[in-house]
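# Quick one: sequence and predicted model below, then my questions.
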Amino acid sequence: MRILIYGMGGMGGIFHRFFENRGYFVKGYDLNPDRSEVSYGEIDGFDVIFLCVPMDEIENALEDIARKNRSALIVDISTLKNLAIPHLERLGFDYLSIHPMFGPDSEIGLSNIIVVHESGREEERVILEEFRRAGAIISHISVEEHDRKMAEIQGTAHFLLFLFALTLRGRFGKAYHYGSPIFLVMHKLASRIINQDWRLYYHIQKNAEELRKEILENARVLDEIMKDERSFKGLVDELREEFDDYRDSTIVLDAYKTTVNAEGIDMLRGYIRAIDSLVLRLIEKRVEAGRKVAMEKLKLNEPVEISHVEDVKLRELVTKTELNPVMVSEIFERLMKLTKEEEYRILGVRKKVAVLGPPGSFSEETALKLVGSRLPLIYQSKVEDIFLAVESGKADYGIVPIENSLQGTVLQTLDALLRHDVEVFAEYESEIRHNLVAKKRLPLRDIEVVYSHPQAIAQCSEFINNYLPHAEIRYTRTTSEAIEMLDDRSAAIASELAAKLYRLQVIKRDIQSLTSNRTRFYIIRRSGGSVNGDESLTCLFFGVDDRPGALYRVLEVFYKNGINLRKLESRPAGTRLGDYIFFAEAEEKLGENIVEEIKKRTTFCKVAGFFRKVDRLDVFTG
Ligand SMILES: NC(=O)c1ccc[n+]([C@@H]2O[C@H](COP(=O)([O-])OP(=O)(O)OC[C@H]3O[C@@H](n4cnc5c(N)ncnc54)[C@H](O)[C@@H]3O)[C@@H](O)[C@H]2O)c1
Ligand SMILES: O=C(O)C(=O)C[C@]1(C(=O)O)C=C[C@@H](O)C=C1
């Protein structure tokens, strides 16, 4: 979906950043060439055009667009619908008409967006879904009802603020040091609207003439009521029934302090203290919201950690500030960590699990199957680092691949298992399923490039040869890298989880060749964990003298006790050329006597774990 922002002023800027940060192709066009990224001649190549020009310019702008591009979906964001909709209808555009109830310097999250007209096009669904996911509150009303409601809502607020300004004019000058918080907030709001485009307020008030009469009448009534104690109390009692939500109004008032012009060291220190205490209260609010999010996630079976939500958030935040982007990202990463810790706590998750990253990898997919979706994963880029994380206590468990049906034993895992003070306590087997994914639904013939890791490409070669012989293959180091490269004409091979995480379309599921592609994982923990009792397997390392029959004498122990070995590998001991250490997996939990017997017949023996096969791992207890 190619999006054009037509009019790159305040509102245009917001929508440009919003969609760009979410990975859409977005360009801006403006009469002012300094703000334009494309020329007027290029506006025909877009599927969606956000109309973000001032209201007086809407008609001209629509005429200009109609000359170049009649097929795009127009997104009308105007404040008053009677200035835009007649022209959209006359020119025959498909259009989505919304009223974003926020200004250029606001955040979309928690803002109201009123939808007054939809054309039924797919792009509309995508746009509204993005707003919804960003936390906007979307409501639907008719065009007529919209203009009536705006007269009530905006008309009343603006009129009263202008009245406030008119009444106070000339009384205080700029000396507001004795202002109360409520007064100061109202003063600020009045100054805000007085300093914006007056035409907007003029148009809104045009629809609000009846309402203003009502306000003036109410003012007279109120004046009378306030003269009498009992009638005033009666009014307050009545109003309290409707105006009862004043939670956190102090935060609103205290936020005002951050906007004063502080001068001198003492006042500046006071100013910073006020900001700090506000920040602290806001952090508490953030964490409180995290607790509620966690309960929602429990219902939806969603993971606590959603990396693409975090990535988009960080990208958006750094584009909103001139501050050092690295530090800003760090601060918000810490805040998210605090929130996530609280989410885990509320869900009763006590364990942390180290897996091979990055998010969206097949290892992560396995981890999610094993431990469910709401666990703290620690992503490591190497098998060795998973062992280190577990050994050092940074992670409680590690999930490491030990064997793949196509590639055989994972030697890094074997070597690390020998060196580190960890033990295997469970194993898990999973089938790797590859999917062809893309940014949008694409017929196979339109896919020009396929990105993926060489192993994934190899495992899907049959599918690629049969269905994508025309496509160019480009190798990437990781699945995430393949996904980052995607444009409208390419596809990637990735796990179902990655498709979900990065909100991609799955073009074709299970494209791996018929040969089963299974991977067995060990689940490791620090040595000395409690034995469960239902262990049925043992893995161990041993070394033998360099003489005939030495290995035979060890194997004899298994033979004599009727114990099957399902795996036997030799690895260089790392001492001198020709010295080997053996690794074995026995299909039984070896008793102490057997281990003793093996020790007698070997130069070295380390039991790396008594373990069992599992389908789930409980991370909610212990
Ligand atoms: N500002 C708000 O709080 C707010 C809130 C909701 C909706 N809106 C609506 O958003 C729209 C834009 O408001 P804004 O505050 O972003 O305005 P703005 O003045 O900040 O930006 C308008 C931009 O449009 C450009 N422009 C003007 N005429 C043009 C034309 N014919 N072709 C191309 N570009 C043109 C201007 O150069 C400017 O960059 C209006 O319809 C307004 O009703 C504004
Ligand atoms: O948005 C969510 O799902 C949250 O739980 C909030 C939050 C955050 O702290 O910003 C925390 C965890 C997720 O990884 C993404 C974001």
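Noted; the coordinates are in hand. These numbers were taken from a predicted model, which means no experiment stands behind them. Residues are numbered from 1 along each chain as shown. Ligands and ions are numbered 1, 2, ... in the order given.

# what residues does stretch 327-345 touch?
Residues outside stretch 327-345 that contact it (Cβ atoms under 8 Å, 6 or more residues apart in numbering) are 283, 286-287, 289-291, 293-294, 297, 304-305, 310, 313-314, 317-318, 321, 374-376. C-beta here means a position set from N, CA and C on the backbone, and glycine is covered the same way.

# Tell me the residues of the stretch 151-300 of the chain that contact ligand 2?
Contacts of the stretch 151-300 of the chain with ligand 2, taken as Cβ under 6 Å from any ligand atom, map to 290, 293.

# Stretch 492-505 near ligand 2 anywhere?
No - on the criterion Cβ under 6 Å from any ligand atom, stretch 492-505 is out of touch with ligand 2, staying 10.7 Å away.

# where does the chain dip in pLDDT?
Flagging of the chain using pLDDT under 70 yields the residue ranges 174-176, 372-375, 514-515, 577-578, 618-622.

# try 50 this time
Within the chain, the stretches with pLDDT under 50 are 622.

# Not counting residues beside it along the chain, what's closest to the residue of the chain at minimum distance from ligand 1?
Taking Cβ to the nearest ligand atom as the measure, the chain has residue 9 as its residue closest to ligand 1, at 1.7 Å. Distances taken as Cβ to Cβ, 6 or more residues apart in numbering place residue 52 nearest to residue 9, at 6.4 Å, with adjacent residues excluded.

# just so I have it, where are all the helices in the stretch 201-350 of the chain?
Secondary structure of the stretch 201-350 of the chain, counting by DSSP state H, counting those that start in this stretch: helices at 209-225, 229-242, 249-257, 265-300, 307-319, 325-347.

# what residues are up against the residue of the chain closest to ligand 1?
30, 35, 52-54, 104.

# Name only those of these that count as buried.
30, 35, 52-53 (16 or more other Cβ atoms under 10 Å).

# Now render the residues you listed as TSV, adding secondary structure.
Rendered in TSV, the data for those read as follows (DSSP: H, G, I helix; E, B strand; the rest coil):
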residue	secondary structure
30	coil
35	helix
52	coil
53	coil
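
# for this structure, which residue is closest to the average position?
With distances taken as Cα atoms, centre = their mean, the residue of the chain nearest its centroid is residue 309 (0.7 Å).

# just to revisit the earlier point, going through the contacts of stretch 327-345, which ones are buried?
Looks like the contacts of stretch 327-345 have 287, 290, 293-294, 297, 304-305, 313-314, 317-318, 374-376 buried, using 16+ other Cβ under 10 Å.

# just to revisit the earlier point, verify the contact between the residue nearest to residue 9 and residue 11 for me.
Yes - under the criterion of Cβ atoms under 8 Å, residue 52 makes contact with residue 11 at 4.8 Å.

# Quick check: the residue nearest to the centre of the chain vs residue 138, distance?
As defined by Cβ to Cβ, to the nearest Å, residue 309 lies at a distance of 19 Å from residue 138.

# swap in residue 442?
Distance check for residue 442 against residue 138: by Cβ to Cβ, it reads 29 Å.

# Next: residue 38.
Here the distance between residue 38 and residue 138 works out to 29 Å (Cβ to Cβ).

# how about the nearest residue to residue 43, chain neighbours excluded?
Excluding the flanking residues, the one nearest residue 43 by Cβ to Cβ, 6+ apart is residue 68, at 5.0 Å.

# OK, contacts around the one you found?
Listed by Cβ under 8 Å, 6+ apart, the contact set of residue 68 reads 40-41, 43-44.

# Need those in CSV (columns: distance to ligand 2).
Below are those laid out as CSV (distance: Cβ to the nearest ligand atom, whole Å):
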residue, distance to ligand 2
40, 40
41, 41
43, 35
44, 38
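
# how about TSV for the residues you listed, with distance to residue 220, neighbour count and secondary structure added?
Output for the contacts of residue 68, formatted as TSV (distance: Cβ to Cβ, whole Å; neighbours: other Cβ atoms under 10 Å; DSSP: H, G, I helix; E, B strand; the rest coil):
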residue	distance to residue 220	neighbour count	secondary structure
40	54	13	helix
41	60	8	helix
43	54	19	helix
44	58	14	helix
